[in-house]
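Asks: Would you be able to build a 3D model of this:
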Amino acid sequence: MKAKTIRTQFFIYIGLFSTAFLIILSIGVYASYFTALKENETEYRVQLSSKTKQNVEFFLNLVNNTSSVLSRDEKIIQKLVDVPATEGEEAVDINQNEINQLLQNTVTVQEYISGIYVLGFNGEFYTSDWGVKEDPLRELYTEILSDSIRVDEFYFIGSKMNYHMYSDTGVISTIRPITQPHTDQVIGMIIIDMNYTYLQEMFMASWMQYEEKVLVLNHLGETMFSFPYNINLDSIITDNPDIIESQTTQLTTDVFGKESIILSDTLNFSGWKVVRIINSDHIYEKTNQLAPLALIALGILFILTWMISLILSHSFTKPIRELHQHILKVENGNFKTMIPIKRKDELGQLAHSFNVMTQNLNELIQKMLIEEKEKSQMEFQILQSQINPHFLYNTLDSIKWLATIQNVDNIKDMTNSLINLLKYNISSKGTMVMLKEEIQSIVNYVEIQKYRFGDIFEVYYDIPSQLENLFILRFILQPIIENSIIHGFEDIGNNQFHITIKAFSEDDILYITITDNGKGMDDIAIETLFTTEDKRNVMHSGIGLKNIHDRIQLYFGPEFGLKISSLSNQGTSIQLSLRVLYKPDSQ
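Replies: Model (predicted):
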């Protein structure tokens, strides 16, 4: 399977992250909006219910005030206190007609009142409607008349007008006791019949338009009004007893299989409860209307999100792709390629670092090419230098045998030492040799120098046998011996010259000390040996002391090397420190 590019991954990651963020945000916003909408709609319905409640309470308050005023009317009280009159029939009719007219006038100005009746315990009866029959009315309220009615108690009873001669329509009746002043003795009652249809319309007018279900219960929990008329809602009260027990109720439950909100409130004066059942679908209606628009907006946001993700992925990965193209050029050998820097962020810094790297690589490669060229030239020179010593070695070997034939021993010995010295110098043993091999080279070199300078110096060797097989750098002792013979013993008269070569080891360090009693050096001359390569620092071998010091540090580290101590006209001591090696390092 083909690997996804970083641009594709970047595009997918940003797109998925943004999509997830939008989904979570949308769910949060939708849930918050839905909750707020539901709360607002519920609050609106509560306020609507409160408005209707206020209207009904205002109406009941008017009825209450009417009954209260009539219960304190002096004429009515007087007629209920007095013993039934034995006067002429005409006088009785006049008093009765006055009270009946008062009741009729009251009904006339209050259209929601169907009738007003006064029943006295002394047998008096007054009515606003001449069609009302006294006997059925007294029979209907016999139980209440027989009870001990408390002062100012206000009763509501629902019934049909079966005490009317021409009508049996339903009414809601209020009953208020009439008491005798000063004694508070109940002497009768006032009955006010309220128009049932008028009350029903008052309750239902504001709720029909919202398709709500409504129940109005009396103080006993009995249904007085219900809407819709063709549905029995009594089960709602049975399933939710809190409606009867609490003054106000707000709960969410299933009604006829649908989620609904039930609101109930208690009316003043009457103890009636108004119960409203609101289908949640009506509350969700506005939310459902906005759902398609929300989905369209969300879809547009998704498209914009993925487009922005594409633009961002292209913007951020373009420098990386350019860097990859230039890396491929470097991979193919083009080290001169440069990335145009157009940004100042981390990607711009990366491009700058790449340019610096390729520039350094190009310079390094050029330097390596030059060094390889120089190395090739040096190898050619070395080959030439090897050819010449070989030719010289063969010639000297012929001279040695000629001296042997002619019995010239000194020439033979000197030639033999020179041949051995040349063999050691031009051998291909490598960088590391045994200490005893380096010492043997010194022996051959000294033998040759004695033929040249005579026996004016002696070389003493103090090399423990256990150190002879240790490995050291090749050709690091002869230049020092050569320096002592050629420079240390010149221009002085003393002919008792000697050189001592001593070796010892301590803490895995091999120390080799070369001491002479030559003319010595001052501090300036010693310092010059380690800073420049002049004639004082270069012997006939062409290798100086600084070169030896650098070679030792190159192979063994900066803690090793060469130390010189010298005094003018008193001699020089040079100590070499090397790491103890029982076998040669990789050469």
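
Asks: Just to check, Val330 is in contact with Leu361?
Replies: Yes. A contact is recorded between Val330 and Leu361 when judged using CB atoms under 8 Å, the distance being 7.4 Å. To be clear about C-beta, it is placed using only N, CA and C from the backbone, and glycine gets the same treatment.

Asks: Looking at the two, which one has more neighbours?
Replies: Here Val330 and Leu361 are set side by side on neighbour count (other CB atoms under 10 Å), and the busier one is Val330, at 16 against 13.

Asks: what about the more buried one, helix or strand, and which?
Replies: For Val330, the host element (DSSP states H and E) is helix 280-331.

Asks: what packs against that helix?
Replies: helix 6-71, strand 258-266, helix 346-405 (3 or more CB pairs under 8 Å, 6 or more residues apart in numbering; DSSP states H and E).

Asks: looking at those, which one has the lowest mean pLDDT?
Replies: Mean pLDDT is lowest for helix 346-405 among the helices and strands packed on helix 280-331, at a mean of 67.

Asks: and Val118, helix, strand or coil?
Replies: In the three-state summary, Val118 is assigned as strand, counting by DSSP: H, G, I helix; E, B strand; the rest coil.

Asks: Give me the nearest residue to it, chain neighbours excluded.
Replies: Computed as CB to CB, 6 or more residues apart in numbering, the closest residue to Val118 that is not its neighbour in sequence is Tyr126, at 4.1 Å.

Asks: quick one: strands adjacent to the helix or strand that neighbour falls within?
Replies: Taking DSSP H and E as the definition, Tyr126 sits inside strand 125-127. Strand pairing for strand 125-127, determined by DSSP bridges: strand 113-120 (antiparallel).

Asks: Number of residues surrounding Asn64?
Replies: Using other CB under 10 Å, Asn64 has 18 other residues around it.

Asks: and after the one helix or strand Ser226 maps to, which helix or strand comes next?
Replies: Under the criterion DSSP H and E, the helix or strand holding Ser226 is strand 223-227. On the C-terminal side of strand 223-227, the nearest following helix or strand under DSSP H and E is helix 234-239.

Asks: Extract the CA atoms of that next one and return them as CSV.
Replies: What follows is helix 234-239 as a C-alpha-only set of coordinates in CSV (Å, rounded to 0.1, in the frame of the first residue of the first chain):
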residue,chain,number,x,y,z
ASP,A,234,-59.3,11.9,34.7
SER,A,235,-56.4,9.3,34.4
ILE,A,236,-53.9,12.1,34.3
ILE,A,237,-55.0,13.1,37.9
THR,A,238,-54.9,9.4,38.9
ASP,A,239,-51.4,8.8,37.5
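
Asks: next one: the very next helix or strand once past that helix to chain centre, how far?
Replies: Using DSSP H and E, the helix or strand that follows helix 234-239 in sequence is helix 242-245. Using CA atoms, centre = their mean, to the nearest Å, we find the averaged C-alpha position of helix 242-245 to lie 51 Å away from the chain's own average C-alpha position.

Asks: Just the CA coordinates for helix 242-245, please, in CSV.
Replies: As requested, C-alpha coordinates have been extracted for helix 242-245 and formatted as CSV (Å, rounded to 0.1, in the frame of the first residue of the first chain):
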residue,chain,number,x,y,z
ASP,A,242,-49.0,15.5,43.1
ILE,A,243,-51.3,17.7,41.1
ILE,A,244,-54.0,17.5,43.8
GLU,A,245,-51.6,17.6,46.7
